[in-house]
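Q: Any chance you could fold what I've pasted below:
(chains A and B)
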Number of protein chains: 2
Amino acid sequence: MSSFKQEPHKLLVIPGPIEVADDVLYANAHPSMSHMSADFVPVLGDCLRMTRQVLYSTTAQPFIIAGSGTLGWDQVAANLVEPGESVLLLNSGYFGDSFTECLQAYGANVDEVRADFGTAADLDEVAKALSAKKYKLVAFTHVDTSTGVLSDAKAVAATVQRVSPDTLVVMDAVCSVASEDIRMDAWGLDVVLTASQKGLGTPPGLSILVASQKALKVFEARTRPVASYYASWKKWLPVMRAYEAGSAAYFATPPVNLIYAYHASLTQITRGAPSLEERFAAHRRASARIKDACAALGLRQLPRDPAYAANGMTAVYFPAGLAAPDVVPRLLQKDVVVAGGLHKDHKDKYFRIGHMGITVTHEERGDIDRIVAALRETFAEAEASKKA
Amino acid sequence: MSSFKQEPHKLLVIPGPIEVADDVLYANAHPSMSHMSADFVPVLGDCLRMTRQVLYSTTAQPFIIAGSGTLGWDQVAANLVEPGESVLLLNSGYFGDSFTECLQAYGANVDEVRADFGTAADLDEVAKALSAKKYKLVAFTHVDTSTGVLSDAKAVAATVQRVSPDTLVVMDAVCSVASEDIRMDAWGLDVVLTASQKGLGTPPGLSILVASQKALKVFEARTRPVASYYASWKKWLPVMRAYEAGSAAYFATPPVNLIYAYHASLTQITRGAPSLEERFAAHRRASARIKDACAALGLRQLPRDPAYAANGMTAVYFPAGLAAPDVVPRLLQKDVVVAGGLHKDHKDKYFRIGHMGITVTHEERGDIDRIVAALRETFAEAEASKKA
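A: Next up is the predicted model:
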């Protein structure tokens, strides 16, 4: 029944969850299957292989586990850091604060390089911090979903490798995988962690993390036991290796239907049209259209420098005189669902638009046109109403 | 499109995941929705209320989080036990071993009352252990999925309350919620933890845990910080309370589609026919039919006493001269999927049949008849083939 069509609904253009394709939703409605069955084993096996491919890696180890993206932070904190070890966190927003809190919950000693609001961390400061002290790992958010700030992942990794080559480079890529170009092996990223519901175009519920062989060596050299059970790679590594090698293994029941859905989306991303390279270019083009339309309406972006603005989402301030209640409900009336602000100091001052996945790649849907038109009408109405 | 029908498939009768109803799968294919939207808030709110109802509780606090059932152990270990505190674990199989390992990973000092294989823990031994030492909590597995042994939850709780009333009673009910009668408030259970893919009739991917107000007080009286981030009730409690009160709150993105699916299944369980009481009676009847059919085929159950055999699954030894390769593939050829053994010392000696959810309650499906017929044919064929 490849003729499955999802119900009519409002256009979901928040920075995740995103619009999900009919075939992916249909896979999520797959008949119930045994997680140990010969039918299911290659599905999870393929997901592991295709996840690696999206990150242009040939050797890294993916983990696909039932959980929210947040669980990826716990995986890093519990498996790669031992209590009292130091982590340097490049904080570019809300998710930087939370990642620090997670690392501290597991006993890490966290120093931060804090970026000014709307910017990414300064790499000279990062280099200075790395010269002054030994860090087990450097962690940063590729796209901070609270601000739409894009960090230069390649440059961060290069800085770490130049100044402190033993330090692991950990990237929170929840809001960037499959919407931003990420070259895990070439850039030397040791952990890329993400979730299913953003660029990967799958319903939420999968914590997806990819670890380099260097990261696994650091994990294997731990002197103290892993301080978690559910997030322990000691438990998950044999399971992931078994499924990729073609046999089932058990630690905890995998979210079978979500993995069928993820398989359907990954198949489209890695084997369908557009190609990966074209996918990233399409996200850049769609992003430019949304950002240009916002600029034409007088909406200023949160990221201060266009070079540090994400391609999968746009965060813009309300113009003087207008606020969320003037804008968000009007967009909703036009069946366009955007997100409010999230960063604690600024959350009432801005809103966010997601443009990832099929909204970008399936041009025949006309989603970008629809967003642009809804924005224009909404701001015209809101300003007219203020004047009245 | 309530006319949705899932694809034809083999009958899945392992002890979870189980067969899932068409309307539940269709809900899993719901268009993507914002986790913060006014549409979604009451869906999660209702799931919290209906979860409480399935356990006959009026005051306990449910947590519904993206994860496997295993995450429930981490929630208990990270939130209710502080390092060095003592836990008494009643070990009736594979899942007892794992729960102990999880508690130890968080620094708990675990003593076990080990049951002989095929039996539940002896309550005199439990009382003796509780008299001899102060325990923060007693933990036990209601139905050990590896053996099909059912513990007497009411009697365990009564024993704890009699001998050590401050001690919390924690029940792993992954393989019993909605297939066995559980009276959380009346029996005095403090934590009931489960997952979506067994009696609750939903695809896997939800860790579902319900904590009594007494358990929450113990949590709030912690002197040391919670040793987890993703499993921290400090993070989840405000979120669950907000959704139940009718407003969105954010910690980590909930698995929106799975929650729609869970809502569809809970609606059937709590508001549809049969009633909850009739549901448990139907599971007892179906279980008796399967167990009688097995007995007629000369298959001996793992649980030594019929009073301690689960009603949602059956675990039986292969008869002399036959093994898994003689039986399991023949059942599979008849499109009936059962599970092999799991308990490490005995796993090649037995197999397991799940009979939960729609396989039991929707008699018009004829699943129980089909399982019985397939078992009869399979053993006839297997024995004929051995003689030949």
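Q: any idea how far residue A:169 is from residue A:161?
A: 8 Å (C-beta to C-beta, to the nearest Å). Bear in mind the C-beta positions are built from the backbone N, C-alpha and C, glycine included.
Q: Return every residue with contacts to both of the two.
A: Listed as contacting both residue A:161 and residue A:169 by C-beta atoms under 8 Å, 6 or more residues apart in numbering or on different chains are residue A:188.
Q: These two: who's more crowded?
A: residue A:169 (26 against 14; other C-beta atoms under 10 Å in any protein chain shown).
Q: does stretch A:356-370 come close to chain B?
A: No: Stretch A:356-370 lies out of reach of chain B by C-beta under 8 Å from any C-beta of the partner chain, never closer than 9.6 Å.
Q: try stretch A:216-231
A: Yes: Stretch A:216-231 lies within reach of chain B by C-beta under 8 Å from any C-beta, at A:225, A:226, A:227, A:228, A:229, A:230, A:231.
Q: Figure out how far stretch A:271-291 is from the centre of its chain.
A: Averaging C-alpha positions (C-alpha atoms, centre = their mean, to the nearest Å) puts stretch A:271-291 16 Å from its chain's average.
Q: For that stretch, list every residue counted as buried.
A: A:279, A:280, A:282, A:283, A:284, A:286, A:287, A:289, A:290, A:291 (16 or more other C-beta atoms under 10 Å in any protein chain shown).
Q: I would like the residues contacting that stretch, please.
A: For stretch A:271-291, contacts defined as C-beta under 8 Å, 6+ apart pick out A:53-54, A:56, A:178-181, A:199, A:269-270, A:301, A:306, A:309-312, A:314, A:353, A:355-356, A:359-361, A:368, A:371-372.
Q: from these, which would you call buried?
A: For the contacts of stretch A:271-291, buried by 16+ other C-beta under 10 Å: A:53-54, A:178-181, A:199, A:269-270, A:301, A:309-312, A:314, A:353, A:355-356, A:359-361, A:368, A:371-372.
Q: Out of the residues you listed, which sit inside helices?
A: Using DSSP state H, the members of the buried ones among the contacts of stretch A:271-291 that fall within helices are A:53, A:54, A:269, A:270, A:359, A:360, A:361, A:368, A:371, A:372.
Q: Looking at those, spot the one nearest chain B.
A: Nearest to chain B among those is residue A:359, at 10.4 Å by C-beta to the nearest C-beta.
Q: So that closest one sits against residue A:16, correct?
A: No: counting by C-beta atoms under 8 Å, residue A:359 stays clear of residue A:16, with 11.5 Å between them.
Q: Pull up the residues of the stretch 51-200 of chain A that are close to chain B.
A: Residues of the stretch 51-200 of chain A lying near chain B (C-beta under 8 Å from any C-beta): A:65-71, A:73-74, A:77, A:101-102, A:105-106, A:195, A:197.
Q: which residues of chain A score low on pLDDT?
A: Counting by pLDDT under 70, chain A has low-confidence residues at A:1-2.
Q: Break it into its domains for me.
A: A:23-271, A:274-387 (automatic domain parsing).
Q: Return the most buried member of these.
A: Using mean count of other C-beta atoms under 10 Å in any protein chain shown, the stretch among the domains of chain A with the greatest mean number of neighbours is domain A:23-271 (a mean of 22).
Q: Name the nearest residue to residue A:181, ignoring sequence neighbours.
A: residue A:280 (4.5 Å; C-beta to C-beta, 6 or more residues apart in numbering or on different chains).
Q: Would you map the strands across the stretch 1-150 of chain A?
A: Assigned by DSSP state E, counting those that start in this stretch, the strands in the stretch 1-150 of chain A fall at A:11-12, A:61-66, A:86-91, A:109-114, A:137-141, A:143-144, A:149-150.
Q: same thing with the stretch 251-388 of chain A?
A: A:313-317, A:336-337, A:339-340, A:350-354.
Q: can you put those in JSON lines and add distance to residue A:379?
A: Below are the strands of the stretch 251-388 of chain A laid out as JSON lines (distance: least, C-beta to C-beta, whole Å):
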{"stretch": "strand A:313-317", "distance to residue A:379": "11"}
{"stretch": "strand A:336-337", "distance to residue A:379": "13"}
{"stretch": "strand A:339-340", "distance to residue A:379": "16"}
{"stretch": "strand A:350-354", "distance to residue A:379": "12"}
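Q: Which among those is found nearest to chain B?
A: Across those, closest to chain B is strand A:336-337 (C-beta to the nearest C-beta), at 5.6 Å.
Q: show me where the stretch 51-200 of chain A has helices.
A: Assigned by DSSP state H, counting those that start in this stretch, the helices in the stretch 51-200 of chain A fall at A:71-80, A:94-105, A:123-132, A:153-163, A:184-187.
Q: now those helices as CSV including distance to residue B:320?
A: CSV is the format used below for the helices of the stretch 51-200 of chain A (distance: least, C-beta to C-beta, whole Å):
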stretch, distance to residue B:320
helix A:71-80, 46
helix A:94-105, 54
helix A:123-132, 67
helix A:153-163, 62
helix A:184-187, 54
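Q: Out of those, the one nearest residue B:213 is which?
A: Evaluated with C-beta to C-beta, the helices of the stretch 51-200 of chain A place helix A:94-105 nearest to residue B:213, the distance being 24.9 Å.
Q: Would you mind writing the CA trace of the closest one as CSV?
A: Listed next in CSV are the C-alpha coordinates belonging to helix A:94-105 (Å, rounded to 0.1, in the frame of the first residue of the first chain):
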residue,chain,number,x,y,z
TYR,A,94,20.3,27.4,25.2
PHE,A,95,21.6,24.0,24.2
GLY,A,96,25.1,24.8,25.3
ASP,A,97,23.8,25.6,28.8
SER,A,98,21.9,22.3,28.9
PHE,A,99,24.9,20.2,27.5
THR,A,100,27.0,21.7,30.3
GLU,A,101,24.5,20.8,32.9
CYS,A,102,24.3,17.3,31.6
LEU,A,103,28.1,16.9,31.6
GLN,A,104,28.2,18.2,35.2
ALA,A,105,25.5,15.7,36.3
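Q: Could you check the angle that helix makes with helix B:71-80?
A: Using axes from the mean of the first three to the mean of the last three C-alpha atoms, to 10 degrees, the direction of helix A:94-105 lies 70 degrees away from that of helix B:71-80.
Q: just to revisit the earlier point, what residues are shared contacts of residue A:359 and residue A:16?
A: By C-beta under 8 Å, 6+ apart, no residue touches both residue A:359 and residue A:16.
Q: Please tabulate the strands of the stretch 251-388 of chain A in a markdown table and include distance to chain B as additional columns.
A: A markdown table is the format used below for the strands of the stretch 251-388 of chain A (distance: least, C-beta to the nearest C-beta, whole Å):
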| stretch | distance to chain B |
| --- | --- |
| strand A:313-317 | 14 |
| strand A:336-337 | 6 |
| strand A:339-340 | 7 |
| strand A:350-354 | 10 |
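Q: Just want the most central residue of chain A.
A: residue A:174 (1.6 Å; C-alpha atoms, centre = their mean).
Q: wait, what's in contact with residue A:236?
A: Counted by C-beta under 8 Å, 6+ apart, residue A:236 has contacts A:63, A:65, A:251.
Q: What is the nearest of the residues you listed to residue A:209?
A: Nearest member of the contacts of residue A:236 to residue A:209, counting by C-beta to C-beta, is residue A:63, at 4.7 Å.
Q: which of the buried residues of stretch A:271-291 are the two that sit furthest away from each other?
A: So, those by C-beta to C-beta: farthest apart are A:279 and A:291, at 18.5 Å.
Q: Tell me which residues touch the residue of the stretch 101-250 of chain A at minimum distance from chain B, please.
A: Here the stretch 101-250 of chain A gets closest to chain B at one residue, residue A:205, 3.2 Å apart by C-beta to the nearest C-beta. By C-beta under 8 Å, 6+ apart, residue A:205 lies in contact with A:66, A:67, A:68, A:196, A:197, A:255, A:258, B:66, B:205, B:255, B:257, B:258.
Q: Between which two of these is the distance greatest?
A: It's A:67 and B:257 that sit farthest apart of the contacts of residue A:205, by C-beta to C-beta, at 14.8 Å.
Q: returning to that earlier point: surely the residue nearest to the centre of chain A is in contact with residue A:68?
A: No: look at residue A:174 against residue A:68 with C-beta under 8 Å: they stay out of range, at 9.2 Å.
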